[in-house]
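Trainee: The sequence and its predicted three-dimensional model are supplied below.
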Amino acid sequence: MSTSSAIQWHDTRLAAVRKWESACPYEDFIDDGAIEEALSTQANPDKAHTLAIVEKARDNARAGAMLSPEDVAVLANTQDRDCWEAIYDAANWIKRAVYGNRIVLFAPLYISSPCVNNCAYCGFRTSNDAVSKRTLTMDELDEELAALVGQGHKRLVLVYGEHPSSDHEFICETIARTYSVRRGYGEIRRANINAAPLFVDEYEAVRASGIGTYQVFQETYHHETYRKVHPQGTLKGEYRWRQFALHRALEAGIDDVALGVLFGLYDWRFELLAMLHHAVALEKAFDIGPHTMSYPRLEPALNTPLATRSPHVISDEDFKRAVAIIRLMCPYTGSILTARESPAVRREVMRDGGVSQMDAGSRIAVGGYAQMEHEHIPDRQQFILGDARSLDEFVYDLCRDGYLPSFCTAGYREGRTGANFMPLAKHATVNRFCIANGVLTFKEYLLDYASPETRAIGERVIHTYLEWIDANVPQLADKVRQNLEREGQNQRDLHF
Amino acid sequence: MKRPGITEHDKARLTDVSRALCDEFDLDRLYFTQVLGKRRHFLAGCGHEGFVPSGHMGLSENLAVFWQGPLPERAQQELRTRLAPIVADIEKDLNRSTAHDDEPPAR
């Protein structure tokens, strides 16, 4: 339970949030009735019409367009097996066309779990005494970072509970600490943030610390469900405050923002259309769409019955369908599939869903990386992890399936952010940088961290992608090879 | 410390100057970024992405410039000199907004 000072902080903040909402300059972009109607109108889609939409999605990948809500409703309602095969094929094709056949790797780092909210599905909810909550000290953060950097990670998503002990100033302090750590050649080059919605001035402070992407997930866009699972009188109970969290981040100049849902709270088809409306609203207001979309599934958590009893739990098959439709509806956005899923599901969804980013070697207990031998620490976790493979095992499996594992963080260090990044993703040209930088960062991993088996298969993968660069970006080919040689002479962090 | 982005007015100035410099130095692309730790945060620029290595240099504590196309050392110095007045103006604006950090936010 929260302390009296946490309750006071919460009440003061809630009053400020409600004041913001009363003067909110934006209109709610989710019309539940209209979304339900779109889904029911397209309940039995025609096969030829469905396949035409799939072709349109392929065209959109180069034209920078998104599908319409009606198109997405058609895809989500499709029952025809041939149509689904066409959708999976297109999702894979679009992902390769936009980003190349690389998977960007990252790790989540849970920094704090105390939370003033009481979300019905979350193991960290304030009333759940079965899960012990804690906030890392700076020394403990150093230990976590040492373990992550020692694995070879270069990109993290830092995860925080909503609590006075992890306010925006604490977030800034931990980001600075994260970037300051060096172990041999190891360092964190990009720290993305998953934290509660902030006020604009707080976002400005976080922006100044040099973050990558700021993630806020709506969890569910369905108003009634949102009210049910996020108790009124809590900060997270304020729908509009959260709905426009990314708008405020963009107002503050954070131009890489990420949205997401928690599949299993409500009908997945509804959530797909809602995510599309969110992307459209961001583009309309700022001319910048979501940098990534995430779609974690509800997973079991200690003393959290809703996590297993929700009437909207999404099957493996529907989950794969949803991920593939996300790729078709918004071709330019990064698509993140997390280690909540089992290795078998991840392998299949990665291919058929057109996934572009995945975490690996993950631990989700606060302080979990310092105890890597423990795959699960249920009484300190938000939920139970599905994939406990080590980073090296995961990288090996990616290579076996022909993917290029990438630790690339080049874009935001070369000024390809926001409005400078979007056209490259929207016109499917960013893959030229993605593959070149992916090869260079993967080579670093092979030199510094990989097991002999991974190094052997990894070198073959690099050879394959050098041929891709020769054929598709000949102007970079010589420079990539020169930089690979420089890496062999112990130079690091070379990028385009 | 809060460090807001630059104003729309300054962005427009940077866009204009990037066009002029691309013409003058025969560059394919030139753009400005704000230095935020390891992040180089895009501000404004012009030209076509050629998917070639970019040259870059720091202009001040908070600003850096990237370019694509040949730019010999001497031309880089000239570029820096040409940009000095606008860089000084923008630094002044950034420091001015930083100085107001202690004011309570409007909520």
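Mentor: Right, received. Where do you want to start?

Trainee: wait, residue A:192 sits on residue A:216?
Mentor: No. Counting by C-beta atoms under 8 Å, no contact exists between residue A:192 and residue A:216, whose distance comes to 11.7 Å. (C-beta placed from N, C-alpha, C; glycine too.)

Trainee: between the two, what contacts are shared?
Mentor: residue A:258 (C-beta atoms under 8 Å, 6 or more residues apart in numbering or on different chains).

Trainee: In chain B, what residue comes closest to chain A?
Mentor: Closest contact between chain B and chain A, by C-beta to the nearest C-beta, is at residue B:37 (2.6 Å).

Trainee: How many residues are close by that residue?
Mentor: 16 (other C-beta atoms under 10 Å in any protein chain shown).

Trainee: do the one 10 residues further on as well
Mentor: For residue B:47, the number of neighbouring residues by other C-beta under 10 Å comes to 17.

Trainee: How about the contacts made by the nearest residue to it once chain neighbours are set aside?
Mentor: In this structure, residue B:47 finds its nearest non-sequential neighbour in residue B:29, 3.1 Å apart by C-beta to C-beta, 6 or more residues apart in numbering or on different chains. Neighbour list for residue B:29: B:22, B:45, B:46, B:47, B:48, B:49, B:50, B:54, B:66, B:67, B:68, B:69 [criterion: C-beta under 8 Å, 6+ apart].

Trainee: Can you tell me which of the residues you listed is nearest residue A:255?
Mentor: Nearest to residue A:255, judged by C-beta to C-beta, of the contacts of residue B:29 is residue B:45 at 14.0 Å.

Trainee: so that closest one sits in a strand?
Mentor: Yes. Residue B:45 sits within a strand when classified using DSSP: H, G, I helix; E, B strand; the rest coil.

Trainee: distance of it from residue B:34?
Mentor: Residue B:45 sits 12 Å away from residue B:34 when distances are taken as C-beta to C-beta, to the nearest Å.

Trainee: ok, now residue A:383?
Mentor: From residue A:383 to residue B:34 the distance is 37 Å (C-beta to C-beta).

Trainee: Grab the nearest non-local neighbour of the residue of chain B closest to chain A.
Mentor: Leaving aside its chain neighbours, residue B:37 sits nearest to residue A:210 (2.6 Å; criterion: C-beta to C-beta, 6+ apart).

Trainee: What of residue A:418?
Mentor: residue A:255 (2.8 Å).

Trainee: So the one you found, which state does it fall into?
Mentor: coil.

Trainee: now swap in residue A:269 and tell me
Mentor: Put simply, residue A:269 is helix when judged by three-state DSSP.

Trainee: List the contacts of it.
Mentor: By C-beta under 8 Å, 6+ apart, the residues touching residue A:269 are A:39, A:73, A:76, A:77.

Trainee: Please apply the same query to residue A:279.
Mentor: Contacts of residue A:279 (C-beta under 8 Å, 6+ apart): A:66, A:259, A:289, A:290, A:293, A:330, A:333.

Trainee: Kindly report the same for residue A:18.
Mentor: residue A:238.

Trainee: Now do it, the pLDDT please.
Mentor: Residue A:18 is assigned 98 on the pLDDT scale.

Trainee: cool, residue B:106 as well?
Mentor: Looking at residue B:106, its pLDDT reads 54.

Trainee: picking that back up, test my guess that the residue of chain B closest to chain A contacts residue A:212.
Mentor: No. Look at residue B:37 against residue A:212 with C-beta under 8 Å: they stay out of range, at 10.4 Å.

Trainee: before we move on, the earlier item: please indicate which of the contacts of residue B:29 are buried?
Mentor: Neighbour counting by 16 or more other C-beta atoms under 10 Å in any protein chain shown classes B:22, B:45, B:46, B:47, B:49, B:54, B:66, B:67, B:68, B:69 among those as buried.

Trainee: give me the element the first one is part of.
Mentor: Element membership for residue B:22 (DSSP states H and E) is helix B:8-25.

Trainee: can you list the residues that contact the longest helix along chain A?
Mentor: Counting by DSSP state H, the longest helix found in chain A is helix A:452-472. For helix A:452-472, contacts defined as C-beta under 8 Å, 6+ apart pick out A:100, A:102, A:392, A:395-396, A:399-400, A:402-405, A:431-432, A:435-436, A:438-439, A:442-443, A:445-446, A:450, A:476-477, A:480-481, A:484.

Trainee: how far off helix A:452-472 does the helix or strand just after it point, in degrees?
Mentor: Later in the chain than helix A:452-472, the nearest helix or strand by DSSP H and E is helix A:474-488. Taking axes from the mean of the first three to the mean of the last three C-alpha atoms, to 10 degrees, one finds helix A:474-488 and helix A:452-472 inclined to each other by 150 degrees.

Trainee: contacts for helix A:474-488?
Mentor: Contacts of helix A:474-488 (C-beta under 8 Å, 6+ apart): A:432, A:436, A:439-440, A:443-444, A:447, A:462, A:466, A:469-470, A:491, A:494, A:496, B:50-53.

Trainee: Now name the helix or strand holding the residue minimising distance to the centre of chain B.
Mentor: Centrality entry for chain B: nearest residue to the mean C-alpha point is residue B:32, 3.1 Å, by C-alpha atoms, centre = their mean. In the assignment (DSSP H and E), residue B:32 maps to strand B:29-36.
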